[in-house]
Structures are given as C-alpha cells and as structure tokens.
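Asker: can you look at this prediction? I've put the sequence above it.
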Amino acid sequence: MAVVASCVGFMVIGALQALYGPAIPEIRAKYGVAPGAAGLGLSAHFVGALVGVLLFFRLRGRIGNRGLLGLSYSLMAAGSLAFAAAPTWPIALAAATVIGLGFGGIDYGLNQLFATGFGRRSPAMLNLLNAHFGIGAIAGPALVAWLGARHYPWLFAALAVLSLFLLPSLGGVRSRDRAAPTAAPIGTPGSTAPGSVASGSVASAPAAVPARLVPVVAAFVVIYVLHVAIETGVGGWEPTQLQAVGYGASAAALATSAYWFAMTVGRFLAIPLSLRFPAPLLVTASCLGMAACLVAAPVPALAPYAYVGVGLFIAPIFPTALPWLTRAAPTVASASAFVIAASMIGGVAFPPLLGAMIDKAGVRLVPVLLLGFALVCGALSVWLRRATATPTAGRRSRQGRRRFPEQVALTVEDAGIDHGVAFGGGLDALGDDSSVDLPGQLDQTGRESAASGVAVDAASEDVVEFDDVRPQLDELLQAGVSRAGVVDRDLDTQVAEMVDGPHGRRLGDAVLVFGDLDDQAVANGQIMDELDDRRRDRAG
C-alpha cells in the first residue's frame, strides 16, 4: 500500500510541475502579466523545491520519515489551493514557492526511502517510482488540453485534495530508519564506525565527507547536474532546433512529446534491466548511449529519432545512480540530498545558460553542446565504476578459519573490498549490498557455515558472543534488525574488551559485519597491533 501511494505521490508532483507551462496563457489573462513574468511561476516552484530538499534533509532526523512526508504533502496541498485561489500574481508566486517546498520534500524523502529500503531491488523500485513522475508529467498537460487552460485552478485544487488523501497511507512508512549511517571526518575520535548506526535515526545535520569520498560524491553531483541539463535542454530546445533544420511546428512539437514519452517508457524498461544488471553498468551504458544518440542529433533526417533515443537512455540515470551513490558513500548521509538538489540546479540554471550560448552560436549548436555534457557524464561514470568497484565481490575465499585480526587484514588488504561479511568458516566478499540487507546477506553467505562468532545488534548496540551463530542470527532477524555493524564509537576499546572478556578465545571464530572498511583501515591496524601485544603479554 505504501509503495502504491508513493507512486501516486510521484504522479502528483510530476503533474504539478508540468501544469505551469500550459497554464501560462490563462495566467497572463488572469493577472495581466507579461510572458516572462508568467513563466516565473515555474521558477518559484523550483526555488522552493531546492530549499525543500535541503530543509527536509536537515529536519529528517528530527521529524522522521512520516513527519517529513506528511508535512511535505500538507505543504503541497496548501500551496496548490492558494495558487488556485490567488487574487494577485505575487500571492500566486508565493503559493508556487510553498508548492515547491512540499515538492522538494517528497522528491528527496521518497527517493531516499526507495534508495535504501529495497536492498538489491532499489534501482528497480526507484525506476518504478520515477516512471510515475513521468506519467504525471504527461497527464497534467493532457488534462489542461482536454479541459481548457481556463480551468487550471481546478486542476491545482484537485491535486491538493489528492495530496491530502495520501496522508493516511503514511502509516505504512517506517517512521525512522533503523540503521542510517552517520559520517564524521576520517580519524576523528568519536566518529561512528562506518558500519554503525546512530541510534535509529538519520543525522539531523550534515557531517564532514571523508576525504577519499569527496571526489566520488563530487562526480555523482556533476553527473546529476549535467544529465538534468541535457534532459531540460532537449525538452526546451528540441522544437526550436528541429524547426531550424526544416521541420514544421507541429512535427517539432510531436517529436518533443515523443522524447518525453520515451523517457517515461525508458524508466519502465529499466525496471527488469536493473534487476538483471548492476547499477554502475546500467548508468554507464545509459550515459554512453545518450552520447551516441546526440552524435546523430545534428543530422536533420535523424534528429527526431536521435532525441527519442536520448529520452530512452537518459531515463534510468537519475533513479539508478541514487542507490549506487548510497552504497558507494554509505557514511555520507547528505550525499543523496546533494545530488537531488544538484539535479534541480541543473534544471533551473542550465536552460538560460544554454539560451545565452545559443544566442551567440545559433540553435543548430544545441546537440553539440549537449553532446559535450553527455561525454562528461560518460567519462565520470566510467571513472566511478573503477573508483567504487569491488573486484572480488561475490567470490568466496577458501582461507579457512583465521584469527580475528587476520580476518580483518585479509578483507582489507588482500580482498580489497569496501563492504562485506567475514565469517568464522571463511571469507565471503559479498560486495556493496552486504551492509544494507542483512537477511539477503545471510542467505547468500550461508549462515550454517559459521558455528561460533560475534554478532552486533544494530538496534540495541549490543555485542553478543555465542557458540552457535544460527540461533543468534535468527533472533536478530525475528527482532526486525535489517542492518548490523560495529557500533561502538571507540572500536579499539570495544574489541579489546571482547578479547579480554570471559569468551575472548572465541574471537578466533568471529563474525564481523562491517560497512566501509577503507575508513576503518587505520583503526583496524591499531586493533590488530593491540591484540598481538595483549597475546604476547599473556604468553609471557
């Protein structure tokens, strides 16, 4: 029910965004404003949306997911009703800004929930969610054309009522993330270990991005800015470019509609593809395919078909790159907010920049400029695949039982993976999904293989030592624990206590569930030295 309601919510925000343009003639007549002033409604909407993303990112840790979505739907409803009934244009602009605030909250909140809530199915579910945005974006203008532009206030009012009807569905949304990671500067005392949780809620303020993740997050931000610039650039300038090379106005408009339709179809097509292929491969192929289509766009006979191809290839990038980002930078809680906000900046800032460049160089340059953006996206996606790769993911090591320090050392140094599970019976490098979906992770690993170990309940932050791993893991799953990790902020002290405790000898058959070991490497090295010193002291 919550998934269906979320898809309806995305149809609502898609329709709201798409209503401003077709309503411009009636807005001009109603308020007596110039065409440029009438277009400010969409600008106010996007300004509100950008503020909404950043605001609700900060508030999410305090008000939870239900509070975020409930407040966002309420703002959209209030803003839509005010826009429909606004007696003056300044009041209408203020109302559009309020709509945008709610829009930004829904866009950020639902994308974030879908990116982290479905494990390996997250790319598919995000494509499903964002495909419904496209349905709304197609339906909104179609309703204006059917009912007439003079009835646009009734459409805004209807969407306000629909937003309120979605509020009861929020009961099916988890109020707070059980294991949202927090981030702190590398090496800072008191930083939460990357596999850990912050007492069941998302951090309410941005934390410093670990140094090694700065270029990764920056690359994702650039991809989001530029691919949305391409999306809006094609949608805004395709009709003008096609008419400049000899197409009629109606043919150019039809080709542009086909482009938007192809984008929606592309997201539905991406659902089975994202279940079959990993997100990095799908995003990279999409960026390169988009560039290939733009190579053909300057050719007049191929241009309409090339733009349809751009729509198909660009479709999976936004929804599929988001779960890739959350797994590549699991300790950066603000990463998804950054890229969603960046996508809005791309949609707002680049159309006028493109317009200025076209004024100087001519409209025929549109596909060439967009091709340059696409090539940058392709190059960055190829680099990100290498930078975030886990080459040994999915392969099982045959190293046998190892002492706890050796197990960590093997995982960090030899296997070279960022995320995974090390069991007492051997090493399983499960790749970057392992710290997200504990049930799926255990199924893949084969929990029967480990007879003893240490488990960490991420909800209660309890470290439990046991003889038989299977009952303990079953108990964790029955308790609803969806993630696990090393939770103690002082990792060195925690492991030392386990070694010196009454069951310390069992650490030879340990279970270690962890997040991003690159950030823990220094601490792990200190732990291993400490453990060796303690063993030598006891032996002496």
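Answerer: On my side now, so go ahead.

Asker: secondary structure element for Ser286?
Answerer: Ser286 is part of helix 279-296, with elements assigned from DSSP states H and E.

Asker: can you list the buried residues in that helix?
Answerer: 279-294, 296 (16 or more other C-beta atoms under 10 Å). Heads up, the C-betas are built off the backbone N, CA and C, glycines and all.

Asker: likewise stretch 343-350?
Answerer: Under the neighbour-count rule (16+ other C-beta under 10 Å), stretch 343-350 has Ser343, Met344, Ile345, Gly346, Gly347, Val348, Phe350 buried.

Asker: lowest-confidence entry in those residues?
Answerer: Confidence by pLDDT is poorest for Gly347 among the buried residues of stretch 343-350, given 71.

Asker: low-confidence bits of the stretch 1-150 of the chain, can you list those?
Answerer: Along the stretch 1-150 of the chain, segments meeting pLDDT under 70 span 119.

Asker: show me where it has its helices.
Answerer: 2-31, 35-38, 40-85, 89-117, 122-147 (DSSP state H, counting those that start in this stretch).

Asker: out of these, which one sits most buried?
Answerer: Ranked by mean neighbour count, the helices of the stretch 1-150 of the chain are led by helix 89-117 with a mean of 24 (mean count of other C-beta atoms under 10 Å).

Asker: worst-scoring helix or strand of this protein, pLDDT-wise?
Answerer: strand 426-428 (a mean of 28; mean pLDDT, DSSP states H and E).

Asker: residues contacting Arg150?
Answerer: Listed by C-beta atoms under 8 Å, 6 or more residues apart in numbering, the contact set of Arg150 reads Glu26.

Asker: give me the distance between it and Leu369.
Answerer: Distance from Arg150 to Leu369, counting by C-beta to C-beta, to the nearest Å: 38 Å.

Asker: with Leu282 instead?
Answerer: 25 Å.

Asker: likewise Thr326?
Answerer: On the measure of C-beta to C-beta, Thr326 and Leu369 end up 31 Å apart.

Asker: one step back: what's the helix holding Ser286 packed up against?
Answerer: If contacts are counted by 3 or more C-beta pairs under 8 Å, 6 or more residues apart in numbering; DSSP states H and E, helix 279-296 sits against helix 214-244, helix 249-276, helix 303-314, helix 317-328, helix 366-387.

Asker: and this protein, what are its domains?
Answerer: Domains of the chain are assigned by automatic domain parsing as 1-175, 207-389, 396-539.

Asker: just for the stretch 201-350 of the chain, where's the confidence low?
Answerer: Residue ranges of the stretch 201-350 of the chain with pLDDT under 70: 201-210, 330-333.

Asker: which element is Pro352 on?
Answerer: Following DSSP H and E, one finds Pro352 within helix 335-361.

Asker: helices or strands up against that helix?
Answerer: Using 3+ C-beta pairs under 8 Å, 6+ apart, helix 335-361 sits against helix 40-85, helix 89-117, helix 214-244, helix 317-328, helix 366-387.

Asker: Ile358 is in contact with Trp237, isn't it?
Answerer: Yes: counting by C-beta atoms under 8 Å, Ile358 touches Trp237, with 7.0 Å between them.

Asker: which one of these two has more residues nearby?
Answerer: Neighbour count, other C-beta atoms under 10 Å: between Ile358 and Trp237, Trp237 has more, with 22 against 18.

Asker: residue contacts, the more buried one?
Answerer: Trp237 makes contact with Leu354, Ile358, Val363, Val366, according to C-beta under 8 Å, 6+ apart.

Asker: count the residues that sit near the last one.
Answerer: One way to gauge burial is a neighbour count; for Val366, by other C-beta under 10 Å, it gives 26.

Asker: wait, it sits on Leu354?
Answerer: Yes: contact criterion C-beta under 8 Å: Val366 and Leu354 qualify, at 7.3 Å.

Asker: distance to Thr116 added to the helices and strands packed on helix 279-296, as a markdown table?
Answerer: As requested, the helices and strands packed on helix 279-296 are exported to a markdown table (distance: least, C-beta to C-beta, whole Å):
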| stretch | distance to Thr116 |
| --- | --- |
| helix 214-244 | 15 |
| helix 249-276 | 15 |
| helix 303-314 | 24 |
| helix 317-328 | 6 |
| helix 366-387 | 19 |
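
Asker: looking at those, which is closest to Val53?
Answerer: helix 214-244 (11.8 Å; C-beta to C-beta).

Asker: now the angle between helix 335-361 and the closest one, please.
Answerer: Per axes from the mean of the first three to the mean of the last three C-alpha atoms, to 10 degrees, the angle that helix 214-244 makes with helix 335-361 is 40 degrees.

Asker: any idea how far Leu325 is from Leu213?
Answerer: 10 Å.

Asker: swap in Lys360?
Answerer: 35 Å.

Asker: of those two, which one has the most company?
Answerer: Using other C-beta under 10 Å, the more surrounded residue of Lys360 and Leu325 is Leu325, with 26 against 7.

Asker: if we can go back for a sec, mind listing the shared neighbours of Val366 and Leu354?
Answerer: Gly233, Trp237.

Asker: quick one: which of the helices and strands packed on helix 335-361 is nearest Ala18?
Answerer: Of those, nearest to Ala18 by C-beta to C-beta is helix 40-85, at 9.5 Å.

Asker: so what does that closest one touch, helix or strand wise?
Answerer: helix 2-31, helix 89-117, helix 152-165, helix 335-361.

Asker: compute the inter-axis angle for it and helix 335-361.
Answerer: 120 degrees.

Asker: burial count for Ala219?
Answerer: Counted with other C-beta under 10 Å, residues neighbouring Ala219 total 21.

Asker: isn't it up against Leu384?
Answerer: Yes: the pair Ala219 and Leu384 passes the contact test of C-beta under 8 Å, sitting 5.4 Å apart.

Asker: now for the helices and strands packed on helix 40-85, which one comes closest to Ser80?
Answerer: Here helix 152-165 is closest among these (C-beta to C-beta), at 3.7 Å.

Asker: packing partners of that closest one?
Answerer: For helix 152-165, the packing partners by 3+ C-beta pairs under 8 Å, 6+ apart are helix 2-31, helix 40-85, helix 122-147.
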